[in-house]
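> Give me coordinates for this.
(one chain, ligands or ions: 3)
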Amino acid sequence: MSDTTIDLGVIPGDGIGPEVVEQGLRVLARVAGDAGLAITTTEYDLGARRYERTGEVLSDETMAELRRHDALLLGAVGDPRRVPAGVLERGLLLRLRFAFDHYVNLRPVELFPGVASPLADPGPIDFVVVREGTEGLYTGNGGALRVGTPHEVATEVSVNTAFGARRLIEHAFALAERRPRRHVTLVHKKNVLVNAGGMWQRLVDEVAAAHPDVTHDYLHVDAATIFIVTDPGRFDVIVTDNLFGDILTDLAAAITGGIGLAASGNINPDGTAPSMFEPIHGSAPDIAGQGVADPTAAILSVALMLDTLGHPGPAERIRQAVRADTAARGDAARGTAEIGDAILARLG
Ligand SMILES: NC(=O)c1ccc[n+]([C@@H]2O[C@H](COP(=O)([O-])OP(=O)(O)OC[C@H]3O[C@@H](n4cnc5c(N)ncnc54)[C@H](O)[C@@H]3O)[C@@H](O)[C@H]2O)c1
Ligand SMILES: CC(C)[C@H](C(=O)O)[C@@H](O)C(=O)O
Ligand SMILES: [Mg+2]
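Numbers count the residues shown, from 1 in each chain. Ligands and ions are numbered 1, 2, ... in the order given. Presented below is the predicted three-dimensional model:
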């Protein structure tokens, strides 16, 4: 990557993935062109179609090719009707997150103007979930015994390392330092998960000591779900583990107008491998192929990518266009391309 070129690997994936990625790329082409950035894209045919055709999920050769890009853009993977659960989610998405050390799973939560929240009086909502991306219950550490018998035993062990949690917590505090409210909330379940929760809390206390200008508090994850609904304005930066962050961010998306608006970055802050940007939603088999998926989350994921690659100007331009679009949305149902057109038009 030079200051003016971005070599992007694109994995449209399954279901609505290709539909929303197409709109994200249109918006990227426009803002990049205006900013004098040259974008090259290489598309990777990965996901259910390829798996059905070849039995292959993600080869080592493809991994090596993906690693060479400046960044990756992913639509969604998984097709419950065609591929057994977990094959693509673990074999493709999580393999990339783990191999490319995407330890910061960054998920901004903002209630955009004009967007209807299911909350009666949501107030301003503007927080960021800093979700751990490479450890916890996602590592595949576990197993099954006596499968299919009445005595079956299934274990999934949550792996938490001080190294992994500390680097994430440091990232969360550094992020909070750059935000007006400078507040971090650790969400865990330390009243029950005493080993992992105790370690996360100690590390938060240690990191907080080096950031005296950032305040911090703690919520058990069950209570956090209450406050996300009853008092979302209290949150600034939430730092949490992999599974809690997954669940909280679907809830956070729901209170800010739906999952079609929620973007994410799987970030490798050390630059040892490309970061990967994707809407937090999945392949939405229930609406795939109908041209009705909201591409805004994919478009906002492109903005996160530009931010991360050091291009905050075009990134903010995208967000402003999205805000202008949501402010004018109204109730009329719009299709995927129509929303893409409208956001492009707002870019001027
Ligand atoms: N990052 C990913 O690739 C990712 C994320 C989540 C789920 N998945 C996978 O996707 C498949 C479907 O999962 P799911 O149904 O639990 O979750 P989902 O996010 O695909 O869908 C949940 C609900 O949200 C709706 N929805 C999702 N995106 C939307 C959009 N852009 N616009 C409008 N509505 C939207 C869907 O229609 C559905 O009703 C599964 O195989 C799952 O493992 C992949
Ligand atoms: C598909 C799945 C592995 C993934 C996750 O749990 O992280 C998804 O739900 C997400 O939120 O990106
Ligand atoms: Mg999820």
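
> Could you find the closest non-adjacent residue to the residue in the stretch 101-250 of the chain that ligand 1 sits nearest to?
Of all residues in the stretch 101-250 of the chain, residue 250 sits closest to ligand 1, at 7.6 Å by CB to the nearest ligand atom. C-beta: built from backbone N, CA, C; applies to glycine. Once flanking residues are discounted, residue 250 sits nearest to residue 259: 6.6 Å by CB to CB, 6 or more residues apart in numbering.

> any idea how far that neighbour lies from ligand 2?
Noted for residue 259: a distance of 10 Å to ligand 2, by CB to the nearest ligand atom, to the nearest Å.

> Tell me who's in contact with that residue.
250, 253, 279-281, 297 (CB atoms under 8 Å, 6 or more residues apart in numbering).

> element containing residue 11, please.
Following DSSP states H and E, the helix or strand that holds residue 11 is strand 5-13.

> Would you confirm that the residue of the stretch 101-250 of the chain closest to ligand 1 contacts residue 264?
No. In this structure, residue 250 is not within contact of residue 264 by CB atoms under 8 Å, at 11.2 Å.

> Look at those two and report which has more neighbours.
residue 264 (26 against 14; other CB atoms under 10 Å).

> and the residue nearest to residue 250, what pLDDT?
Listed pLDDT for residue 259 reads 92.

> now it: how far from ligand 1?
Applying CB to the nearest ligand atom to residue 259 and ligand 1 gives a distance of 5 Å.

> Show the backbone phi and psi for that residue.
When read as degrees, to the nearest 10, the backbone of residue 259 gives phi -70, psi -20.

> so what are the domain limits for this structure?
1-103+263-348, 117-256 (automatic domain parsing).

> Does the strand holding residue 11 reach ligand 2?
No. Using CB under 6 Å from any ligand atom, strand 5-13 stays clear of ligand 2, with a minimum separation of 10.6 Å.

> Mind giving me the packing neighbours of that strand?
In terms of contacts (3 or more CB pairs under 8 Å, 6 or more residues apart in numbering; DSSP states H and E), strand 5-13 is packed against helix 17-35, strand 38-43, strand 71-76.

> Burial-wise, tell me which of those comes out on top.
Comparing those by mean neighbour count (mean count of other CB atoms under 10 Å), strand 71-76 ranks first with a mean of 26.

> and the angle from that one to helix 17-35?
Here strand 71-76 points in a direction 150 degrees away from that of helix 17-35 (axes from the mean of the first three to the mean of the last three CA atoms, to 10 degrees).

> Which neighbours in the sheet does strand 71-76 have, and how are they oriented?
Using DSSP bridges, the strands paired with strand 71-76 in its sheet are strand 5-13 (parallel), strand 275-279 (parallel).

> in the last one, what's buried?
What that stands for is strand 275-279. Under the neighbour-count criterion of 16 or more other CB atoms under 10 Å, strand 275-279 has 275-279 buried.
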